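**Q** okay, here's the prediction I keep looking at, along with the sequence it came from:
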Amino acid sequence: MNIGDVAQKAGLPPKTIRYYEDIGLITPLRDTNGYRVFRESDLHKLAFLGRARALGFTIEDCRTLLALYEDDTRASADVKDLAQAHLAKIEDKIAHLESMRRTLSDLVKSCAGDNRPDCPILSDLATGQH
């Protein structure tokens, strides 16, 4: 398969695939003319990476997950530990976003939104006192 074919099948842009190759996550073969030739195993890895990235795993996490996937002697506890750590980061982000939403919602409610120059939103941004 060429890069266009594998990009379509994996659901990833060619630029992302080239990047994954540049950083060593995949290593497609090269044809005599220098073009990349992707195998089914490359497609499988790219689909794996696409799903992992869609779940928010970092590139380094993906590198670790790929290594664990390819290691027949892996302990599932290692995979679970990585996933649990990532889940904890997501939960922290959600808590932070919920706090931001509450603060902004309170500020929006406190602003009259009329023709007067008074604006609690701007006051809060200027002083950070909400």
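**A** Looks like it arrived, so ask away. Given the structure is predicted, the values throughout are model-derived calculations rather than measurements.
**Q** center of this structure - which residue?
**A** Taking CA atoms, centre = their mean as the criterion, Gly56 is the residue nearest the geometric centre of the chain, at 3.3 Å.
**Q** touching, that one and Glu91? I think so.
**A** No - taking CB atoms under 8 Å as the definition, Gly56 is not a contact partner of Glu91, at 11.8 Å. Any C-beta I mention is one placed from the backbone N, CA and C, and that applies to glycine too.
**Q** tell me the helices and strands packed up against the helix ranked longest in the chain.
**A** Longest helix in the chain, counting residues (DSSP state H): helix 76-110. Using 3 or more CB pairs under 8 Å, 6 or more residues apart in numbering; DSSP states H and E as the contact test, the elements touching helix 76-110 are helix 59-70, helix 120-127.
**Q** what about the residue of the chain most remote from its centre, which helix or strand?
**A** The outermost residue of the chain, judged against the average C-alpha position, is Arg116 (42.8 Å), by CA atoms, centre = their mean. According to DSSP states H and E, Arg116 maps onto no helix or strand at all.
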